[in-house]
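S.K.: Here's my sequence, what's the structure:
(one chain, ligands or ions: 3)
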Amino acid sequence: MVPLQQVTVGMLAGVIALVLFSTADAQHGSWGYTGDSGPSTWATNFPNFCNGQKQSPIDVSTKTATQKSFQPLNFKGFDTPPADAQMRIKNNGHAIQVDLLSKTGKTDNYQISGGGLPGTYNVLQFHFHWGSEHTINGKRYDAEMHVVTYNAKYPSASEAAKVSPDGFAVLSVLLEATSKTANPGMQNIVSQLSNVQNKGMNYTYPTSFSINSLFPADKANYWRYMGSLTTPKCNEVVVWTIFKTSLKISQAQANALKTSCYFNPAGDQEQQPLNNNYRPTQPLNGRTVFDSSNTSGVPQLAPTVLALFIALLSSTALQL
Ligand SMILES: *[C@@H]1O[C@H](CO)[C@@H](O)[C@H](O)[C@H]1NC(C)=O
Ligand SMILES: *[C@@H]1O[C@H](CO)[C@@H](O)[C@H](O)[C@H]1NC(C)=O
Ligand SMILES: [Zn+2]
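M.R.: Ligands and ions are numbered 1, 2, ... in the order given. Just a heads-up that it's a prediction; the model follows:
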């Protein structure tokens, strides 16, 4: 006969293991863009914070956006790659991502500031969704690039993710397959897709390229709102900047994104095509979307012109 104590201890260990496992599973639970782990399950599986009130992405309604003038955005390291920069592209099973590494451990190689951002932000990585996550007046673009940054006043990105709404800033570039020729910046990504076909694969670039090559020329016009990370746990810590001018890529480049990448859903060995890796748009819930319009100095002149016009009207009225 097996002593009762042994059975109990053994069973208890089993139960504890089971509980620990399921807790871990719920916390780091698998999520994806299809089926049982798709975006419609995130709010339930990740109640902190995917069922919040300030979620991303959103549909930007350009007619209801509020005009606001911002200082120019500043970009550090975007034109010419810093000397000790190292870029590594990888397939993380959810997206294709380029990590911005430093051979000497620097965190401030690439930074953004200005543009109404509440601080200076260190750039971590950029990655791609196809199709786009944000939609503009209901229009979904072929793809969207997110440049993920965290507020340099925090010691690390994970600290920044815990706290206030100013923890992260994400720059969004919408990609549109309307160019007859391949976009040279995008070609840096497309040309390496065969090296990162499956989840977990990565490739370190022998030479870093200019991040600016993936941006539109006009970086003064954008939409701005407060939202969240668009993947679990959906932390509501992001100042969003969505550039109005899209990056024009070729249809072949868009197709390469859509057909070259694979992932293996939890528990499955088999790799499946990774596509439509975007979260549907979330309710605005009363948030303001700002329109940074900066068209040839018109915003600055407007009050003067209006004053003159009113003055003219009044004097005309008096004469009547
Ligand atoms: C507005 O545009 C002008 C001309 O392109 C530029 O010099 C200025 O820096 C821009 N302002 C902002 C706030 O981006
Ligand atoms: C990159 O891939 C190698 C295998 O080729 C792997 O050992 C390594 O952990 C990967 N690194 C990252 C950061 O994914
Ligand atoms: Zn993203």
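S.K.: For the closest residue to residue 226 other than its chain neighbours, list the residues it contacts.
M.R.: Of all residues not flanking residue 226 in the chain, residue 165 sits nearest, at 5.5 Å (Cβ to Cβ, 6 or more residues apart in numbering). C-beta coordinates here come from the backbone N, C-alpha and C atoms, glycine included. Residues in contact with residue 165 (Cβ atoms under 8 Å, 6 or more residues apart in numbering) are 54, 226, 236, 237, 238, 239.
S.K.: out of the residues you listed, which is most surrounded?
M.R.: For the contacts of residue 165, neighbours were counted by other Cβ atoms under 10 Å; the highest total belongs to residue 238, with 26 neighbours.
S.K.: do you know how far that one is from residue 57?
M.R.: As defined by Cβ to Cβ, to the nearest Å, residue 238 lies at a distance of 10 Å from residue 57.
S.K.: Residues that sit against both of the two, list them.
M.R.: Contacts common to residue 238 and residue 57, judged by Cβ under 8 Å, 6+ apart, are residue 227.
S.K.: Hmm, residue 280 is touching residue 42, no?
M.R.: No - at 10.3 Å, residue 280 does not count as touching residue 42 under the criterion of Cβ atoms under 8 Å.
S.K.: The two: which is more packed in?
M.R.: Neighbours per residue (other Cβ under 10 Å) separate residue 280 from residue 42, with residue 42 holding more: 23 against 11.
S.K.: all strands for the stretch 201-320 of the chain, in order.
M.R.: 202-204, 222-227, 238-243, 247-250, 262-263, 272-273, 290-291 (DSSP state E, counting those that start in this stretch).
S.K.: Output the third one in PDB with nothing but the alpha carbons.
M.R.: In other words, strand 238-243. Included here for strand 238-243 are C-alpha records, laid out as PDB according to Å, rounded to 0.1, in the frame of the first residue of the first chain:
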ATOM      1  CA  VAL A 238       1.800  54.700 -26.700                       C
ATOM      2  CA  VAL A 239       1.900  58.200 -28.300                       C
ATOM      3  CA  TRP A 240       1.100  57.400 -31.900                       C
ATOM      4  CA  THR A 241       2.400  59.300 -34.900                       C
ATOM      5  CA  ILE A 242       0.900  58.200 -38.300                       C
ATOM      6  CA  PHE A 243       2.500  59.900 -41.300                       C
END
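S.K.: Paired strands for it, with orientation please.
M.R.: Under the criterion DSSP bridges, strand 238-243 sits next to strand 168-179 (parallel), strand 222-227 (antiparallel) in its sheet.
S.K.: how close does the closest residue to residue 131 other than its chain neighbours sit to ligand 1?
M.R.: When the adjacent residues along the chain are set aside, residue 131 lies closest to residue 140, with 4.8 Å between them (Cβ to Cβ, 6+ apart). For residue 140, the distance to ligand 1 equals 27 Å [Cβ to the nearest ligand atom, to the nearest Å].
S.K.: Same question for residue 190.
M.R.: When distance is defined by Cβ to the nearest ligand atom, residue 190 is 30 Å away from ligand 1.
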